[in-house]
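Chemist: got a structure for you, letters missing:
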């Protein structure tokens, strides 16, 4: 490879020397770039952000970020067009390059070398200018002043191995690029504590005496990298796969109190992964090391359109959204800096999953499921396909997974909206998803409807669909009544067990359930309140009324309880706790639900489903006599029409389909006598209550049902 093959080098070096004198003219540099943008050139966005999220034009810029404007993922012609204007503006003598051979480029989402103002130190940009200027002096790697400036620059958030990229741009004869592609090609492993000037100088010295120049090495590496990207998998002996002492982390990116909740895009743009909890996973994040592999995952379930025979079961699923290598950890327990693979395509993994925000993949010999972990590692980071048949055999045909603990992998029965439908909830998938979406958004919902529409049945199924698995330990249910109180629900003085005549401060069921949810923030918890409108809601909830609201969750909105222990922290409802209230709209004895409570809940109305094809088919699929199916549907539909048309009753008093949803999976043995038995013992007594002042009408309706 000849020097003529790297026509970019003279231009870049001359521009760097010119730019070195512009440290006090940063505003002019920004203005120049904004002028280019206004003229239609593809320029890096230059909008800064303050602590309140307000956007405004940058007021400072470093020289590496300036170089990044034309060294990022834009077209060849767009890069050349920008350099033509650079040549004019800085009065450069070098010819505009004819190639960009071996030039490492930044991702469009992360082309700054410093962070937004809300997390930027006032000296950060100055540190980058200092190392830039010193890099242009003679033998910089042999001078202590440059090495100190190099380490100082590495303290700037968003500056890590990309510093070596910037140095390579301005002096490719002196500085070796240590991006992921070059490191893999040269089998370079970063120190566990991260890049340092000492390590960098030693590494450059190691490769300087080689037969190939640094630009030639870079060009060769990027060619090898492109070839690797097209391969499905690599043999285990591949030199770039240095697995010893490397940890593998699967992490979440969903922050339910942010908009948007999915932080994946932000993490990729800023070259980071950030822990969304302020008091959880701190030690785990601090234990993440440079060179460790990381992947962003999202847990879900799937029942249909699977790439294997799922035996009509819902399967746990991980969507792998991004992969990368950790390049810096500043030991704050909150974030690590990541070199993300922006060519990675999202893919799905099944069976062996974990819903915790942070999953440190176990690969030690003592781990019983090491084989599963190794398969997952190869799939996520090294392009190996998942062996569905092998996993299906492990999952369904052996007892091996029965001993997996909850914090390691999914062992509970996965559950989805499709399972809700199969269970006998006669709503469409669209309707159920809408209800679930409103529950997730509002965090509190009331299912209302006349008797027998399956409110309690649906509530439990919705809870499991929300959890994505059947886990009764994360589900609690109470029933309100006229005597139910704050003392029962939250906390109060009650008789002490085994101590006759003694009273003490005791937690109520809701208080204890909240503590369970607080201690397990990665999992959803659901609290169901049956007959929610039968209690005195303001009295039962007390000061918790405010905390029910979806935007008042978490410790920042904590309140002191009416009854509290000395030095006890304030109480809050965690964001991972969801409330489902059940309300019978046909109960004459109940007043309207308090309006203050109403606005804190989303409402979903359930109706009788006798006329639904889903209900008819559900009965037929379980071998019920078609004549009996028609009898149920025709007579109950006629009765409900009569109830709806009654001016003193209306649609809230219709009778639901649950009266005629027998248990089991085979209804072949049921006949008219079964139907008549339910009518006599359940339906007719209810009709007599409805028409208590017109018993003749109730008896006539009963006779029509029993005809």
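Modeler: On my side now, so go ahead. Predicted, not measured: the structure shown is a model, and the values here were computed from it. Numbers count the residues shown, from 1 in each chain.

Chemist: Setting the sequence-adjacent residues aside, check what's closest to residue 116.
Modeler: residue 49 (4.2 Å; Cβ to Cβ, 6 or more residues apart in numbering). C-betas here are computed from N, CA, C, even on glycine.

Chemist: Would you mind naming the residues that bridge with the one you found?
Modeler: Legend: beta-bridge partners of residue 49 under DSSP bridges are residue 55.

Chemist: give the contact list for it.
Modeler: Applying Cβ atoms under 8 Å, 6 or more residues apart in numbering, we find residue 49 in contact with 55-56, 116-118.

Chemist: wait, which of these is closest to residue 628?
Modeler: residue 55 (66.1 Å; Cβ to Cβ).

Chemist: Just give me the neighbour total for the closest residue to residue 558 other than its chain neighbours.
Modeler: Using Cβ to Cβ, 6+ apart and skipping residues adjacent in sequence, the residue nearest residue 558 is residue 570, 3.5 Å away. Neighbour count for residue 570, taken as other Cβ atoms under 10 Å: 11.

Chemist: So what does residue 570 look like in phi/psi?
Modeler: phi -70, psi 160 (degrees, to the nearest 10).

Chemist: Over to the one 3 residues further on?
Modeler: Its backbone dihedrals place residue 573 at phi -100, psi 120, with angles given as degrees, to the nearest 10.

Chemist: Residue 555 is in contact with that one, correct?
Modeler: No: the criterion here is Cβ atoms under 8 Å, and residue 573 misses it with residue 555 at 10.3 Å.

Chemist: Neighbour count: those two, which is higher?
Modeler: Neighbours per residue, other Cβ under 10 Å: of residue 573 and residue 555, the larger number sits with residue 573, 27 against 13.

Chemist: Skip the chain neighbours and tell me the closest residue to the more buried one.
Modeler: Residue 573's closest residue in space is residue 547 (Cβ to Cβ, 6+ apart), at 4.5 Å.

Chemist: From residue 571, how far out is the one you found?
Modeler: Residue 547 is 8 Å from residue 571, where distance means Cβ to Cβ, to the nearest Å.

Chemist: Output the below-cut-off pLDDT ranges for the protein.
Modeler: For the chain, the stretches with pLDDT under 70 are 1-4, 223-244, 398-411, 587-596.

Chemist: biggest strand in it by residues?
Modeler: Of all segments of type strand in the chain, defined using DSSP state E, the longest is strand 315-329.

Chemist: Would you mind pulling up the elements that that one packs against?
Modeler: Contacts defined by 3 or more Cβ pairs under 8 Å, 6 or more residues apart in numbering; DSSP states H and E place strand 315-329 against helix 264-270, strand 293-302, strand 335-340, strand 347-350, helix 370-382.

Chemist: Quick one: those as CSV, columns for mean neighbour count and distance to residue 395 too.
Modeler: Shown next, in CSV, are those (neighbours: other Cβ atoms under 10 Å; distance: least, Cβ to Cβ, whole Å):
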stretch, mean neighbour count, distance to residue 395
helix 264-270, 19, 28
strand 293-302, 21, 14
strand 335-340, 24, 31
strand 347-350, 18, 9
helix 370-382, 19, 10
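
Chemist: JSON lines please, covering these and showing distance to residue 110.
Modeler: Output for the helices and strands packed on strand 315-329, formatted as JSON lines (distance: least, Cβ to Cβ, whole Å):
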{"stretch": "helix 264-270", "distance to residue 110": "6"}
{"stretch": "strand 293-302", "distance to residue 110": "15"}
{"stretch": "strand 335-340", "distance to residue 110": "8"}
{"stretch": "strand 347-350", "distance to residue 110": "22"}
{"stretch": "helix 370-382", "distance to residue 110": "20"}
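
Chemist: do you know which of those lies nearest residue 622?
Modeler: strand 293-302 (24.7 Å).

Chemist: What is the closest one packed up against?
Modeler: strand 248-251, strand 315-329, helix 370-382.

Chemist: Compare those and give me the one nearest residue 566.
Modeler: Among these, strand 248-251 sits nearest to residue 566 (Cβ to Cβ), with 39.2 Å.

Chemist: Show me the contact partners of that closest one.
Modeler: Contacts of strand 248-251 (Cβ under 8 Å, 6+ apart): 273, 288, 292-297, 318, 354, 357-361, 363, 377, 380-381.

Chemist: With stretch 550-564 instead?
Modeler: Residues contacting stretch 550-564 (Cβ under 8 Å, 6+ apart): 257, 441-444, 486, 490-493, 505, 542-544, 546-547, 568-575, 577.

Chemist: Return the distance of it from the chain's centre.
Modeler: 25 Å (Cα atoms, centre = their mean, to the nearest Å).

Chemist: cool, stretch 59-75 as well?
Modeler: Distance, centroid of stretch 59-75 to centroid of chain: 31 Å (Cα atoms, centre = their mean).

Chemist: Name the residues of it that come out as buried.
Modeler: 60-72, 74 (16 or more other Cβ atoms under 10 Å).

Chemist: now, among the residues you listed, which is nearest to residue 459?
Modeler: residue 72 (51.2 Å).

Chemist: I'd like to know how far that closest one sits from residue 175.
Modeler: Residue 72 is 19 Å from residue 175, by Cβ to Cβ.

Chemist: which residues does residue 578 bridge with?
Modeler: residue 526.

Chemist: so who does it touch?
Modeler: By Cβ under 8 Å, 6+ apart, the neighbours of residue 578 are 439-440, 443-445, 463, 466, 524-527.

Chemist: Tell me the buried residues within those residues.
Modeler: 439-440, 443-445, 463, 466, 524-527.

Chemist: doesn't residue 699 fall inside a helix?
Modeler: Yes: Residue 699 forms part of a helix when assessed by DSSP: H, G, I helix; E, B strand; the rest coil.
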